[in-house]
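Peer 1: please work out how this folds:
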Amino acid sequence: MNDTLLSRLKDFKLSGVIKTLDTRNEQAIKENLSYMEFIELLLSDENMNRQTNGQKKRVQKAKFPQCKTLEEYQFNLQPTVNKRFIYNLATCEFVRKKENVAFIGMPGTGKTHLATALGYKAVAQGYSVLFTTVNQMLEELYLSRADNSYGQKLRYYTNPDLLILDELGIKKLNQNSVDDFYEIISKRYENGSVIITSNKAFDEWGRIFYDPVLATAILDRFVHHCHFVTMKGESFRMKQQENGIRAMMQKQEVETSNQAPK
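Peer 2: Numbers count the residues shown, from 1 in each chain. Predicted coordinates for the structure are as follows:
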């Protein structure tokens with residue numbers, strides 16, 4: 001590839017073509033491709049490159065705490081979770097319809113895992129996603145009032161196609177926090193999807209919010225188009241810890257047996 005051609009391709013921002021041009025040129029010569037076939041290959045490469053780059057950018061903007069997939073989720077440890085229903089959610093039809101999802105269960109049951117996995121599915125389908133904890137979002141909104149960036153921060157949380165709010169109920173909210181939470185839910189109502197994870201049963205959600213009037217308004221808007229997933233199985237983390245302790249004890253027993261005089 002000569003410098004002039006490379007410069008022209010850069011001007012047109014055709015990075016996908018730049019990556020594969022030499023290879024495709026060799027292929028065209030060997031396979032005696034027509035000009036149209038050659039151009040189609042280059043355009044296909046450019047399109048694939050843009051899709052890949054776009055997905056990488058959406059993942060970065062989503063701020064997922066870690067990569068989690070549905071394939072990694074241990075449905076056998078959570079028999080109350082309907083696998084088919086979760087995979088139906090993974091089609092992201094709920095995002096297209098601007099509906100909500102709530103994962104409710106004790107700590108360690110995989111609520112955040114499933115919420116994150118659905119977030120990755122949404123990113124793969126071209127949706128914009130943002131992951132945050134409830135407390136982090138409310139703290140940032142509170143601090144934004146001090147530097148007059150509240151409106152900008154509000155748009156940051158209301159613009160994504162899917163907003164994932166983790167750990168509702170870890171802390172009881174005060175009046176300012178409830179006001180801000182209402183603003184988010186109200187502005188996203190029928191405009192964007194929300195996934196909430198919580199270790200509190202739904203009938204306890206009203207007590208999380210400081211103001212009963214705002215609590216009713218929040219819940220009414222969130223529940224109107226919502227899919228609830230209740231998780232009653234064992235804690236993954238406790239199970240892993242128990243297995244680890246059991247393995248360690250077995251290892252110690254073997255070592256003690258080997259060291260015993262024969």
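Peer 1: doesn't Phe103 belong to a helix?
Peer 2: No: secondary structure of Phe103, determined by DSSP: H, G, I helix; E, B strand; the rest coil: strand, with no helix assignment.
Peer 1: residue contacts, the closest residue in space to it that isn't next to it in sequence?
Peer 2: Using C-beta to C-beta, 6 or more residues apart in numbering and skipping residues adjacent in sequence, the residue nearest Phe103 is Lys111, 4.0 Å away. (Glycine included, C-beta is placed from N, CA and C.) By C-beta atoms under 8 Å, 6 or more residues apart in numbering, the residues touching Lys111 are 103-105, 166, 197-199, 231.
Peer 1: how close does Lys111 sit to Asn135?
Peer 2: When distances are taken as C-beta to C-beta, to the nearest Å, Lys111 and Asn135 turn out to be 16 Å apart.
Peer 1: over to Pro107?
Peer 2: Here Pro107 is placed at a distance of 15 Å from Asn135 (C-beta to C-beta).
Peer 1: more neighbours, those two?
Peer 2: Taking other C-beta atoms under 10 Å, Pro107 and Asn135 do not tie; Asn135 has more neighbours (16 against 13).
Peer 1: which stretches of this structure have low pLDDT?
Peer 2: Under the criterion of pLDDT under 70, the regions of the chain flagged as low confidence span 233-262.
Peer 1: at 90 instead, please
Peer 2: Within the chain, the stretches falling below the threshold (pLDDT under 90) are 1-3, 51-52, 74, 76-80, 107-108, 170-172, 206, 210-211, 232-262.
Peer 1: domain ranges for this protein?
Peer 2: As assigned by automatic domain parsing, the chain contains the domains 3-56, 70-238.
Peer 1: can you add distance to Lys63 and give those back as JSON lines?
Peer 2: Written out in JSON lines, the entries for these read as follows (distance: least, C-beta to C-beta, whole Å):
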{"stretch": "domain 3-56", "distance to Lys63": "14"}
{"stretch": "domain 70-238", "distance to Lys63": "5"}
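Peer 1: and the contacts of stretch 81-100?
Peer 2: Residues contacting stretch 81-100 (C-beta under 8 Å, 6+ apart): 70, 73, 75, 101, 110, 114, 117-118, 121-122, 125, 127, 161-162, 190-196, 222-223, 225-227, 229, 231, 233.
Peer 1: out of those residues, which end up buried?
Peer 2: With neighbours counted by 16 or more other C-beta atoms under 10 Å, these contain buried members at 70, 73, 101, 110, 114, 117-118, 121-122, 127, 161-162, 192-196, 222, 225-226, 229, 231, 233.
Peer 1: show me where the stretch 51-200 of the chain has helices.
Peer 2: All helices of the stretch 51-200 of the chain, identified by DSSP state H, counting those that start in this stretch, fall at 83-89, 93-96, 111-124, 134-144, 150-158, 175-188.
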